[in-house]
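S.K.: Sequence and predicted structure are below.
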Protein chains: 2
Amino acid sequence: MGIEKRLAQQIQHGTLELRFEDGEQRAYGTGRSPYAVMRIHRRRALRRIALDPEFMVGQTYMDGDWSPGEGGLLALLEVLLANFPPEHTQGAKKWLMRLARPLQQWNRASAARRNIASHYDHDEWLFRGFLDADLHYSCAYFHDPQISLEAAQRAKVEHIRRKLLLRPGDRVLDIGCGWGSTALQLAQSEDVHVVGLTLSREQQRAARERIAAAGLEDRVEIRLQDYREIEGPFDRIVSIGMFEHVGVPFYDEYFQRVRDLLTDDGVALIHTIGRFLPPGVTNPWIRRYIFPGGYIPSTSEAMAAIERVGVCTTDIEVLRLHYAKTLAHWQARFQGMREQVAAAKSESFCRMWEFYLAVSEAAFYWRGMMVLQLQLARQQDAVPLTRDYLYSGRLEEQPLHSVPEQAVS
Amino acid sequence: MGIEKRLAQQIQHGTLELRFEDGEQRAYGTGRSPYAVMRIHRRRALRRIALDPEFMVGQTYMDGDWSPGEGGLLALLEVLLANFPPEHTQGAKKWLMRLARPLQQWNRASAARRNIASHYDHDEWLFRGFLDADLHYSCAYFHDPQISLEAAQRAKVEHIRRKLLLRPGDRVLDIGCGWGSTALQLAQSEDVHVVGLTLSREQQRAARERIAAAGLEDRVEIRLQDYREIEGPFDRIVSIGMFEHVGVPFYDEYFQRVRDLLTDDGVALIHTIGRFLPPGVTNPWIRRYIFPGGYIPSTSEAMAAIERVGVCTTDIEVLRLHYAKTLAHWQARFQGMREQVAAAKSESFCRMWEFYLAVSEAAFYWRGMMVLQLQLARQQDAVPLTRDYLYSGRLEEQPLHSVPEQAVS
């Protein structure tokens, strides 16, 4: 079926207007909002998208085949996601995609290194440009919708610090430490020793520089190491935005490692994107260009692995829409540096990056994505029996601004 | 293998001492605590337990074949549970048990009525005797370990009331309303209309009496009806201690009903016993004598059904050890009325009831049981984006003591 016929059939919610270079215009749907405009620069865009929409919407955008009109990418994605349900591929193709999943996510240590390097070894200035000043590359915590991205990222770490119930002298493991922001903030808030693990040489180098600048080399250690290669025990384990890289075939091994690395009274906090929907597959465009080996779990998938491993889940927080807001901040900052990125990299790179940020934001609004904070313990009484301790004071009252500015500028 | 050989092999943690009527004593295990004593009145007890321990420990206790020594039933169960891992049946028997599960839990409406009546139509004075004054037959919320059972049950409802975000004028459905305690407390705290559903005629009658005594007939309605037979919509749905009776084959239908009965901005709170362990089977003694058709889900099982139905899980609280404490209160109160129960019913009934309470308490301590509070919504922003609203004031400051005493005495 051609894409025009398909659009006419499937756009039932809101409106999609196509504008061609020769002035031709066609509108599909109800005529009412949400109203999205797609400016078609090359007619091949429609044919290419019809062949493989899941991949080709992103690919044709990268190739400059079309641009969004008023409302931008987000409005367009709202209409597309509202009218094309997730994983609508049926029958044989659906099962082939399911069968391919273990291969796509076969993130043994060597593949994990390659996958991580492909994304996180991008030039550091790119991440410095669109992330917050502390370089947190994960969902912030907007306990107040008016606060800045910087404040929301520090609030996220403070919220997690409370969930970890840090005690002076604790040995803390940070699996997937990024540029060391969480490790730094934890080490500054409490007299603890933090070991951060990353698979990106660039992240390790940058994190070490920041730790040295903060004078915290005796408290924070950053290792270029896989989570399967470290030895414990640790009193506390934190892992933020790393579980998305583990892959379903390695879930049991991941949680088994977390369990084995923890002391008897240990506590872990796993912060990961999750989905309200049943288990699915990773979008092929995201897999190709952004996160090879990546996968967003359903809560049931993560919990089944945790149950098999035999660790107690002591709390599950479902952070909704916080990541949409975080991504909106990132997109705004990225747009502010777009010319600089286009000059240093390419227009195609800019289009890839802005599409990645937009489609991610859209997925949190309209395709059932959220963030899970899983608090785990070997003993069910390792954390208090009510959650009052998490809410006993305003997040701002905590030492949220103690990271020296020079460490991140 | 005879039970003595098996005890000698398997008691590795703590000590089990057997004392026979003729003065013979045998001890198995380390000789150290936890130390449990089993006074064997009839030698057949050991043979019967060896044949089918999962069923026969309870059955032989009911039959008076043995009694616990110092430490009571709980100390004995601690040693037994610590040394006999859950569902240790292997191979063919394990698979037969798994295959039998759908049949055991085939709780279509007619079977559900029969199963519920078998437990909840026991004489009301029995429940009045061992439960709190408001007749809450589910896990209390001990936000402070020192509070009374009465205060902890009222705190539970207040905690749930906050999770429901009740608004004046809301229509509230209480699936499995018991003796109407939650419906009453909600209707007294807020100007809402509550429909409570029970399958027990005794519960319906008693609940209606209490509602009349409280003068709340215009706000609270108690129906003898299955959750599959009610029509919506409702702004809020609460279901406390009822999901355990649904049965895995009906999980999708249950959550689909909850979803379909909710308004677009609706919120539901499902409070159920859960297990840290992977999916299993119900203990055959519990199934026979206490909860026919009952089953305790793993979090992964409940979540998989919720994901398939397409409703958002906006929060998951894992209440650990609160039910152990609740059961300890119930056991103490039951022991206080034991002579009365033995006279009215039988010694065997007393033994059944105290074993049920003890084995349940033990399961929360030592066999991975907990309570899940699943907050569900059709829209992810139907509840606030942080959990601050649940912890904004002490539970005692709420109107927790407004149920007139005469309604329950």
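M.R.: Noted; the coordinates are in hand. Residues are numbered from 1 along each chain as shown, chains lettered A, B, ... in the order given.

S.K.: And for the residue in the stretch 151-300 of chain A that chain B sits nearest to, the neighbour number?
M.R.: Relative to chain B, the nearest point of the stretch 151-300 of chain A is A:Ser300 (3.9 Å; Cβ to the nearest Cβ). Glycine gets a C-beta too; all of them are placed from N, C-alpha and C. Counted with other Cβ atoms under 10 Å in any protein chain shown, the neighbours of A:Ser300 add up to 23.

S.K.: tell me which element it is part of?
M.R.: helix A:299-309 (DSSP states H and E).

S.K.: Please apply the same query to A:Asp134.
M.R.: In this structure, A:Asp134 sits in neither a helix nor a strand according to DSSP H and E.

S.K.: Test my guess that it contacts A:Ala151.
M.R.: No - if you go by Cβ atoms under 8 Å, A:Asp134 and A:Ala151 don't touch, sitting 10.6 Å apart.

S.K.: So which bits of stretch A:154-163 are buried?
M.R.: A:154-163 (16 or more other Cβ atoms under 10 Å in any protein chain shown).

S.K.: Kindly report the same for stretch A:67-78.
M.R.: Those would be A:67-69, A:71-78, for stretch A:67-78 by 16+ other Cβ under 10 Å.

S.K.: Among those, which lie within strands?
M.R.: Taking DSSP state E, the ones among the buried residues of stretch A:67-78 that sit in strands are A:67-68.

S.K.: Looking at the buried residues of stretch A:67-78, which are in helices?
M.R.: Using DSSP state H, the subset of those located in helices is A:72-78.

S.K.: Nearest to B:Arg201, out of the residues you listed: which one, please.
M.R.: Nearest to B:Arg201 out of these is A:Glu78 (Cβ to Cβ; 51.6 Å).

S.K.: Contacts only, for the closest one.
M.R.: Going by Cβ atoms under 8 Å, 6 or more residues apart in numbering or on different chains, A:Glu78 touches A:14, A:34, A:36, A:362, A:365-366.

S.K.: separation between it and A:Ala324?
M.R.: Per Cβ to Cβ, to the nearest Å, A:Glu78 is found 12 Å from A:Ala324.

S.K.: Residues that sit against both of these two, list them.
M.R.: Residues touching both A:Glu78 and A:Ala324 (Cβ under 8 Å, 6+ apart) are A:Tyr365.

S.K.: which one of the contacts of A:Glu78 has the most neighbours?
M.R.: Using other Cβ under 10 Å as the neighbour test, the contacts of A:Glu78 are led by A:Ala36, with 26 neighbours.

S.K.: Looks to me like that residue is in a strand.
M.R.: Yes - assigned with DSSP: H, G, I helix; E, B strand; the rest coil, A:Ala36 falls within a strand.

S.K.: Do you know the pLDDT at the nearest residue to A:Leu321 once chain neighbours are set aside?
M.R.: Of all residues not flanking A:Leu321 in the chain, B:Leu385 sits nearest, at 5.7 Å (Cβ to Cβ, 6 or more residues apart in numbering or on different chains). We have a pLDDT of 95 for B:Leu385.

S.K.: Assess the claim that B:Leu385 and A:Val318 are in contact.
M.R.: No - the criterion here is Cβ under 8 Å, and B:Leu385 misses it with A:Val318 at 10.0 Å.

S.K.: Between those two, point out the one with more neighbours.
M.R.: It is A:Val318, of B:Leu385 and A:Val318, that has more neighbours when counted by other Cβ under 10 Å, with 21 against 18.

S.K.: residues contacting the more buried one?
M.R.: A:Val318 sits in contact with A:274, A:370-372, B:312-316, where contact means Cβ under 8 Å, 6+ apart.

S.K.: Show me what it bridges to in the sheet.
M.R.: A:Leu372 (DSSP bridges).

S.K.: thinking again about what came up before, export the buried residues of stretch A:154-163 to a markdown table and append columns for pLDDT, secondary structure and distance to chain B.
M.R.: Converted to a markdown table, these look like this (pLDDT from 0 to 100; DSSP: H, G, I helix; E, B strand; the rest coil; distance: Cβ to the nearest Cβ, whole Å):
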| residue | pLDDT | secondary structure | distance to chain B |
| --- | --- | --- | --- |
| A:Arg154 | 97 | helix | 15 |
| A:Ala155 | 97 | helix | 10 |
| A:Lys156 | 97 | helix | 11 |
| A:Val157 | 97 | helix | 15 |
| A:Glu158 | 96 | helix | 13 |
| A:His159 | 97 | helix | 9 |
| A:Ile160 | 98 | helix | 13 |
| A:Arg161 | 97 | helix | 16 |
| A:Arg162 | 97 | helix | 12 |
| A:Lys163 | 98 | helix | 12 |
